[in-house]
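Undergrad: Show me how the following folds:
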Amino acid sequence: MTRARPGTVPHILHLHSTFAPGGKELRTVQLINALGKKARHTIVSGEPAEQGAADRITRGLEVGMQPEFPSLKGWPLPGRLQKLAKAMKGYDLVCTYNWGAMDAAMAHTLFKDLHGLPPLIHHEDGFDETELKKLKKSRTWYRRIALGKASGLVVPSERLEEIALVDWQQPLGRVKRIPNGVDTKAFAMRPKKDALRLIKHPGEFWVGTLAGLRTVKNLPRLVRIFTELDENWHLVILGEGEARNAILAEADRLQINHRVHLPGAVSDPARVVGLFDIFALSSDSEQFPLSVVEAMAAGLPVVAPAVGDIANMVSDRNAEFIASPGNEEELGTALARLAGSKDLRKEVGEANRTKAVAEFDEAKMIATYRRLYSSAMKIDL
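TA: A predicted model of the protein is given here:
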C-alpha cells in the first residue's frame with residue numbers, strides 16, 4: 001500500500017461532483033485552510049464550470065484545480081474505471097464525495113492492488129432528488145461494492161451512519177460519524193448593516209436562509225409560509241441555483257415580491273447570518289445542514305422540518321419549532337410564533353448558541369478529520 005514519504009508534504013486528491021459553494025464543498029475548504037502548508041491538494045469537479053467554492057481557499061496554499069482527469073460521469077465500464085484508477089496514482093490520499101464520485105471509489109476498489117493506489121476515504125453527505133423518499137436498490141448495491149476497500153466512510157449524521165451500516169453493509173470500523181462544525185467565534189460577531197447589497201432598515205425584521213437553490217430545498221414552500229407575517233418582515237434567501245425562478249414566481253403569485261429578496265450567494269456567511277432574526281429551512285431532505293449550525297452559532301432561533309438530524313441538532317428550547325416533515329401548516333405556525341415575540345427569539349437563540357459552542361465548533365471537527373487522514377496516510381498532519 002502506498003504511504004506518504006516521511007519528510008514530504010502529502011498530496012491529497014479531492015473528487016467532487018461539483019465544487020460550487022455548498023455544504024460538502026465549503027467543509028472541504030475549511031479543512032484545506034486548516035491543514036495549511038502541511039498538505040497540498042488537487043481538486044476535480046465533475047462539473048468543470050462549477051468551482052466557486054475554491055474562491056474561499058486561503059491564498060498561498062498549494063492547491064491545483066481541474067487537472068487533466070477522466071470524467072467522473074459516464075457508464076462504469078471496465079475501460080473507463082481503469083482510466084480513473086490510473087489517474088489516482090501518485091497521490092498520498094484520495095477523498096471522494098457523494099454519489100457523483102462513486103465511480104472513482106469503484107475504480108479504486110477494483111484496481112487498488114493492481115496499480116498500488118493510495119488509501120481512499122469516501123465522504124457521504126446526503127442524497128439527490130432520485131433517492132429523496134427511498135434508497136435506490138441499484139445504488140445501494142453499487143455502494144456496497146464500490147466502498148469495499150475504502151479506508152474510511154465519513155458521514156455527518158446519525159441517519160446516514162445507520163444507512164451506511166445497515167443498507168450499505170459497511171463494517172463498523174470503516175464508518176466515521178463526524179458532525180459538521182463552524183468557527184463559532186466568528187459567527188458571534190455582530191455583522192455590519194451593509195454586509196449585503198441589501199440594506200436592513202430600522203424597524204425591519206428578516207427571516208433568512210442559506211441554501212443552494214435546488215428543488216430538494218423546496219424554497220417556494222418557505223415563501224408561502226412567510227406570506228402570513230406582517231409587512232415589516234422580509235424574507236432573505238442567500239444562494240444560487242436552478243430553482244431561483246420558481247422562488248421568484250411564487251413570490252409574484254402571492255404578491256409579496258417586494259418582501260422577498262434573493263441577493264445571491266455570500267462568500268463569508270459569518271459576516272451576514274447575524275442580520276437575520278429567524279433562520280428557516282423548508283427542505284424535503286437534509287442530513288446535517290451546515291447552515292443550521294451557522295445559524296445556531298449566530299444565536300438565532302431555527303424553524304425547519306424534522307428531516308435528517310435537524311431535530312437533534314437544535315437546542316431543547318428550539319425543539320418545538322421543528323415541524324413534521326412535509327407539514328406546511330405546522331411549519332408556518334412555528335414561524336409565526338417566533339416572529340411574534342422578540343423575547344422568545346432571544347431565549348431560543350441563546351440556547352442554540354450555547355449548544356453550538358459546546359458541540360459544533362470547527363476545532364473539534366478539524367481535529368477529528370486530521371486524525372483520520374493522518375491514520376490513512378500513516379503520517380502526522
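
Undergrad: okay, CA-based contacts and neighbour counts for the rest of this
TA: Noted.

Undergrad: can you pull the pLDDT of Val348?
TA: Note for Val348: predicted pLDDT of 98.

Undergrad: Contacts made by the helix or strand it falls within with the rest, please.
TA: In the assignment (DSSP states H and E), Val348 maps to helix 342-359. Outside helix 342-359, the residues that touch it by CA atoms under 8 Å, 6 or more residues apart in numbering are 184, 277-278, 293, 296-302, 314-318, 338-339.

Undergrad: mind running it again at 6 Å?
TA: Residues from elsewhere that reach helix 342-359, judged by CA atoms under 6 Å, 6 or more residues apart in numbering: Met296, Ala297, Gly299, Leu300, Pro301, Ser315, Arg317, Asn318, Leu338.

Undergrad: quick one, what contacts Ala280?
TA: With CA under 6 Å, 6+ apart, Ala280 has these contacts: Thr209, Val302, Val303, Ala304.

Undergrad: Can you get me a residue count around the second one?
TA: It refers to Val302. As a burial measure, Val302 scores 32 neighbours (other CA atoms under 10 Å).

Undergrad: so what's it closest to, chain neighbours aside?
TA: For Val302, ignoring the flanking residues on the chain, the nearest one in space by CA to CA, 6 or more residues apart in numbering is Phe279 at 4.9 Å.

Undergrad: now that neighbour, what's its secondary structure?
TA: strand (DSSP: H, G, I helix; E, B strand; the rest coil).

Undergrad: Near it, how many residues? Count them for me, please.
TA: Neighbourhood size, Phe279 [other CA under 10 Å]: 28.

Undergrad: So it versus Arg259, what's the distance?
TA: 16 Å (CA to CA, to the nearest Å).

Undergrad: Check the secondary structure at the residue of the chain positioned farthest from its centre for me.
TA: The outermost residue of the chain, judged against the average C-alpha position, is Leu114 (34.0 Å), by CA atoms, centre = their mean. Using three-state DSSP, the structure places Leu114 in helix.

Undergrad: Check the gap between it and Asp92 for me.
TA: According to CA to CA, Leu114 and Asp92 sit 16 Å apart.

Undergrad: low-scoring pLDDT stretches of the chain, where are they?
TA: Scanning the chain for pLDDT under 70 picks out 1-7, 129, 132.

Undergrad: hang on, the earlier thing: most neighbours of all the contacts of Ala280, which one?
TA: Using other CA under 10 Å as the neighbour test, those are led by Val302, with 32 neighbours.

Undergrad: any idea how far Ala85 lies from Tyr91?
TA: Taken as CA to CA, the span from Ala85 to Tyr91 is 11 Å.

Undergrad: And Arg144, by the same measure?
TA: As for Arg144, its distance to Tyr91 is 24 Å (criterion: CA to CA).

Undergrad: Between those two, which is the more surrounded one?
TA: Legend: neighbour count by other CA under 10 Å for Arg144 and Tyr91, higher for Tyr91 (20 against 15).

Undergrad: Angles on the backbone of Leu31, please.
TA: The phi/psi pair for Leu31 (degrees, to the nearest 10) reads phi -70, psi -40.

Undergrad: same thing with the one 3 residues further on?
TA: Backbone geometry at Ala34, expressed as degrees, to the nearest 10, gives phi -70, psi -40.
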